[in-house]
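*Asks:* 3D, please:
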Amino acid sequence: MDALLPSLPALLVLAALAEGPAHGYQIAARVSERSGDVLALKEGTLYPRLYQLEREGLVRGDWRCESPRRVRVYELTDAGRGRLERDLAEWRRRVDAADRVLSFAPHTPSLGRRPRLGD
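*Replies:* As a prediction, this is how the structure comes out:
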């Protein structure tokens, strides 16, 4: 179970980069925007994860000049695309399993229908 949540930041970074190259702020903005501002990657989580993914060869970072300063732009490598596909399939499998367990939780009438994790 402890492997369920710690993998989420890396998965979010890889998914954000699947849309195309981006620097850190753009990655964080993509995650926030796509999640309807429910999820946020703070700098203390984002940059260590990017460095780790780069060391593992899953993303590649290059310095670029974007006025008025230099920024490090990251993109997925082929290995990163493969990892994204595998990790996303595993994430969905685990969420589905958790949803099956949670569906047996008592219903609270004042809250209405209990939302499913996949909704």
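
*Asks:* Just the helices from this protein, written as ranges.
*Replies:* 8-17, 24-34, 43-55, 78-102 (DSSP state H).

*Asks:* highest average neighbour count across those helices?
*Replies:* Of all these, helix 8-17 has the most neighbours on average by mean count of other CB atoms under 10 Å, namely a mean of 21. Placement of C-beta: from N, CA and C, glycine included.

*Asks:* Contacts for it next, please.
*Replies:* Helix 8-17 is touched from outside by 22, 26-27, 30-31, 34, 39, 41, 45-46, 49-50, 52-53, 58-59, 74-76, 80, 83-84, 87-88, 91, with contacts defined as CB atoms under 8 Å, 6 or more residues apart in numbering.

*Asks:* quick one: which of the helices of the chain is nearest residue 69?
*Replies:* helix 24-34 (11.5 Å; CB to CB).

*Asks:* Which other helices and strands does the closest one contact?
*Replies:* helix 8-17, helix 43-55, strand 69-76 (3 or more CB pairs under 8 Å, 6 or more residues apart in numbering; DSSP states H and E).

*Asks:* closest to residue 102 out of these?
*Replies:* helix 8-17 (17.2 Å).

*Asks:* Just grab the bridge partners of the spatially closest residue to residue 62 that is not a sequence neighbour for me.
*Replies:* Using CB to CB, 6 or more residues apart in numbering and skipping residues adjacent in sequence, the residue nearest residue 62 is residue 73, 5.7 Å away. Using DSSP bridges, the bridge partners assigned to residue 73 are residue 23, residue 62.

*Asks:* Count the neighbours of residue 73 for me.
*Replies:* 18 (other CB atoms under 10 Å).

*Asks:* From residue 15, how far off is it?
*Replies:* 17 Å (CB to CB, to the nearest Å).

*Asks:* next one: residue 96
*Replies:* With CB to CB as the criterion, residue 96 and residue 15 are 18 Å apart.

*Asks:* quick one: low-confidence ranges for this structure?
*Replies:* 1-6, 107-119 (pLDDT under 70).

*Asks:* what residues are up against residue 30?
*Replies:* With CB under 8 Å, 6+ apart, residue 30 has these contacts: 16, 19, 22.
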